[in-house]
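1. Following is a predicted model, sequence given first.
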Amino acid sequence: MTQTAHPSPASGKRMLSEQVHARLRDAIMRGRHAPGAALKPQDLAREQGVSLAVVREALVRLVGEGYADRLPNRGFAVPAFSDRRWQEIAEARRTVEPVMLRMSVERGDVDWEARVRAAHHRLARTPAFVPEEGEYYSAAWAEAHRVFHRTLLEGCGNAVLLETFDRMWTASELARRWSAYRNPGRDGVEEHRRLEEAALARDADTAAEVLVRHLTRTAAGLEQDAAPGGGG
């Protein structure tokens, strides 16, 4: 007679932590925990119906991903709009990504061109906002957006640079959501169209210039008196 395997206590705790992590990350991304707000483990454990240890494990993971801060003697909090890290990440992206795009324009083959065109088509046809997901970017659009930007840069053929892009993209995801929320009038559709057009025209100078402006507007969206301007 075959016995049914039961999850070990350790694996059960990991599954719970995964679920709590996903729920907290979504709540932060959707603005249900405001920028700068405290994330109190005791309150979250009570709300989620789990142990304090499970919540702390999820929060530590969020800190590692850049979605929460660990404060000395004060627990955890959502990063603030004014956090210097957003401008530092934006500066890093403006330094690295235009170089990668130039390399892609120079090295990319016909298959790369086809992938860029397909990725842009999917992005253009995916709704950025849907009622059931609130006032922030939809999950489907966010993924289509990531794929478009990464595909543009994949023509560079440098795995180390692409890994760097992946890390910077993840680190800037929260700022990107906030930037779009604060600058709802920004014409991201046109910005992405111009990026695709310049890249496929093999115009490295224009493509790099358009990308720098695109990334700069995202960073400006988090500044207090940014002009209305979605996201890089």
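-> That came through fine. Numbers count the residues shown, from 1 in each chain.

2. Correct me if wrong: A124 contacts R193.
-> Yes. In this structure, A124 is within contact of R193 by Cβ atoms under 8 Å, at 7.4 Å. All C-beta spots, glycine's among them, are computed from the backbone N, C-alpha and C.

3. Which phi and psi values does G75 adopt?
-> phi 80, psi -130 (degrees, to the nearest 10).

4. G134 too?
-> Torsion angles, degrees, to the nearest 10, at G134: phi 80, psi -150.

5. With the flanking residues excluded, which residue is spatially nearest to it?
-> For G134, ignoring the flanking residues on the chain, the nearest one in space by Cβ to Cβ, 6 or more residues apart in numbering is R30 at 5.5 Å.

6. Quick check: the gap between that neighbour and E65.
-> From R30 over to E65 the distance is 16 Å, taken as Cβ to Cβ, to the nearest Å.

7. Which helix or strand contains the most centrally placed residue in the chain?
-> Nearest to the geometric centre of the chain sits E173, at 2.1 Å (Cα atoms, centre = their mean). Element membership for E173 (DSSP states H and E) is helix 159-182.

8. so the very next helix or strand once past that helix versus helix 159-182, what angle?
-> Next along the chain after helix 159-182, taking DSSP H and E as the criterion, comes helix 188-200. Orientation of helix 188-200 against helix 159-182 (axes from the mean of the first three to the mean of the last three Cα atoms, to 10 degrees) gives an angle of 160 degrees.

9. buried sites along helix 188-200?
-> By neighbour count on 16 or more other Cβ atoms under 10 Å, the buried set for helix 188-200 is 188, 191-192, 194-196, 198-200.

10. And for stretch 27-35?
-> 27-29, 31, 33, 35.

11. and what of stretch 146-153?
-> 146-153.

12. low-scoring stretches of this protein, by residue?
-> When residues are selected by pLDDT under 70, those of the chain lie in 1-10, 12, 181-185, 224-231.

13. can you map out the strands along it?
-> Using DSSP state E, the strands found in the chain span residues 38-39, 69-71, 75-77.

14. Summarise which helices and strands the shortest one is packed against.
-> What it means is strand 38-39. strand 75-77 (3 or more Cβ pairs under 8 Å, 6 or more residues apart in numbering; DSSP states H and E).

15. Check which strands are paired with the strand it packs on and give the direction for each one.
-> In the sheet, strand 75-77 lines up against strand 38-39 (antiparallel), strand 69-71 (antiparallel) (DSSP bridges).

16. okay if I get the ones you listed as TSV plus mean neighbour count and distance to A180?
-> As requested, those are exported to TSV (neighbours: other Cβ atoms under 10 Å; distance: least, Cβ to Cβ, whole Å):
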stretch	mean neighbour count	distance to A180
strand 38-39	18	23
strand 69-71	14	22
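
17. Go through the strands of the chain and name the closest to G108.
-> strand 69-71 (38.7 Å; Cβ to Cβ).

18. In the protein, mark out all the helices, start to finish.
-> 9-29, 41-48, 52-65, 84-107, 110-125, 139-154, 159-182, 188-200, 204-220 (DSSP state H).

19. Contacts only, for the nearest residue to N158 once chain neighbours are set aside.
-> Once flanking residues are discounted, N158 sits nearest to M103: 7.0 Å by Cβ to Cβ, 6+ apart. Contact analysis of M103 by Cβ atoms under 8 Å, 6 or more residues apart in numbering lists 155-158, 161.
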